[in-house]
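1. sequence first, predicted model second:
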Amino acid sequence: MRIATFNVNSVRSRLTILERWLSKLDKPVDVLFLQETKAVDADFPEDAIDELGYKSYFRGEKSYNGVAALVRKDAKIDGVSASFGFGDGEEPDFLTRALYLKTPSFSVLNTYVPQGKDITHADYDVKKRFLARARAFFERAVKPGFPFVWLGDMNVAQTEIDVTHPENKKNHVCFHSEIRESFARVADFGLTDIMRKFHPEEGVYTFFDYRVKDAVARGIGWRIDLMMANEAASDAATDCFVDTEPRLWDRPSDHTPLVADFALS
DNA sequence: ATGGTCGACTCTCGA
């Protein structure tokens, strides 16, 4: 079973990249989780994605946010259900930032964690609240021992090797000690960063700022797109990697897809 | 370098 996560930065403008990426992989992605689809539900390209062989679960809003799960029809995954937000009467914004997909053999929470703007901005508090509510959601929704993965655009770099020039990022909303502690409290649910299980090396990034000149070529990036697996899912993981190829194509997203394989039926 | 470049959408905001 193969799952993937990708901050697509507009699902409509990135349809060509999605199709090209899905068709070039050696093994098909069974469930693809997207963030920043940037389309209201009426504009989500459900039919085009159906033609690629995937059923879509999605919720978006105008211009910003938006999450989706694309389930490969030929994978014959029965009993799929999707819900949005944390179901705790949250900010409406959270409904287009969190998608929980449940199947009989595994479940996944796909999040687009608020970026936070600045450590003095009110949105930074929203970011911390979002993370706290994700942890509370795990406590309610995930049964111990059941394979579970928290994935998506986390907007948090966890360690010094997950960002270029960490010494200059101490007050950045994605690297400040406070937000890394907030993230660690969520991960303390028993989740491990499974890409690191297979790729401990430095210099692996999933985000390159469009505003930094030649960021990809110069290797100036962030590793903020993650898959965090509980013990049952981590034990079943056989690989997890960042696929750098789509960065080289026309009109790439600023994020890079992350793929994982699991020995799960 | 308080810049830079994208995407969605009214022109400026969010990243």
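-> Yes, it's here.

2. interface residues of the stretch 51-200 of chain A facing DNA strand B?
-> The stretch 51-200 of chain A comes close to DNA strand B at residues A:62-64, A:114-115, A:117, A:123, as judged by Cβ under 7 Å from any atom of the strand. Backbone N, C-alpha and C define where each C-beta goes, glycine included.

3. filter those down to just the ones in strands.
-> Within those, no residue falls in strands by DSSP state E.

4. can you name the residue of chain A nearest DNA strand B?
-> Scanning chain A for proximity to DNA strand B using Cβ to the nearest atom of the strand identifies A:S10 as nearest, at 2.9 Å.

5. residue contacts, the residue lying closest to that residue once chain neighbours are set aside?
-> Among residues not flanking A:S10 along the chain, A:K38 sits closest, at 4.4 Å (Cβ to Cβ, 6 or more residues apart in numbering). The contact partners of A:K38, by Cβ atoms under 8 Å, 6 or more residues apart in numbering, come to A:9-12, A:60, A:63-66.

6. in a markdown table: these, plus pLDDT and neighbour count.
-> Below are those laid out as a markdown table (pLDDT from 0 to 100; neighbours: other Cβ atoms under 10 Å):
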| residue | pLDDT | neighbour count |
| --- | --- | --- |
| A:N9 | 98 | 20 |
| A:S10 | 98 | 15 |
| A:V11 | 98 | 26 |
| A:R12 | 98 | 13 |
| A:G60 | 98 | 23 |
| A:S63 | 96 | 10 |
| A:Y64 | 96 | 13 |
| A:N65 | 98 | 20 |
| A:G66 | 98 | 27 |
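
7. what about the longest helix in chain A?
-> What stands out as the longest helix in chain A, according to DSSP state H, is helix A:122-141.

8. what residues sit buried inside it?
-> By 16 or more other Cβ atoms under 10 Å, the buried positions in helix A:122-141 come out as A:124, A:126-128, A:130-131, A:133-135, A:137-138, A:141.

9. widest-spaced pair of the residues of the stretch 51-200 of chain A next to DNA strand B?
-> Distances among these were taken as Cβ to Cβ; the most separated pair is A:K62 and A:K117, at 19.4 Å.

10. which one's more surrounded, these two?
-> A:K117 (13 against 10; other Cβ atoms under 10 Å).

11. for the more buried one, report the pLDDT, please.
-> At A:K117, the model reports a pLDDT of 96.

12. what helix or strand is the residue nearest to the spatial centre of chain A on?
-> Nearest to the mean C-alpha position of chain A, by Cα atoms, centre = their mean, lies A:G152 at 1.2 Å. Using DSSP states H and E, A:G152 falls within strand A:148-153.

13. now the angle from that strand to helix A:122-141?
-> Angle, strand A:148-153 to helix A:122-141, by axes from the mean of the first three to the mean of the last three Cα atoms, to 10 degrees: 160 degrees.

14. name the next helix or strand downstream of strand A:148-153, please.
-> Next element after strand A:148-153 (DSSP H and E): helix A:177-187.

15. which elements pack onto that following helix?
-> Helix A:177-187 sits against helix A:122-141, with contacts defined as 3 or more Cβ pairs under 8 Å, 6 or more residues apart in numbering; DSSP states H and E.

16. got a list of contacts for the helix it packs on?
-> For helix A:122-141, using Cβ under 8 Å, 6+ apart, the contacting residues are A:86-88, A:90-91, A:93-94, A:97-98, A:100, A:107, A:109, A:111, A:113-118, A:148, A:150, A:155, A:173, A:178-179, A:182-183, A:185-186, A:188-189.

17. that older thread, show me how far the longest helix of chain A is from its chain's centre.
-> On the basis of Cα atoms, centre = their mean, to the nearest Å, helix A:122-141 sits 15 Å off its chain's mean C-alpha point.

18. repeat for stretch A:160-169
-> Centroid separation for stretch A:160-169 versus its chain: 21 Å, with Cα atoms, centre = their mean.

19. for the residue lying closest to A:A82 once chain neighbours are set aside, give its distance to A:L99.
-> Among residues not flanking A:A82 along the chain, A:Y57 sits closest, at 3.8 Å (Cβ to Cβ, 6+ apart). A:Y57 sits 7 Å away from A:L99, going by Cβ to Cβ, to the nearest Å.
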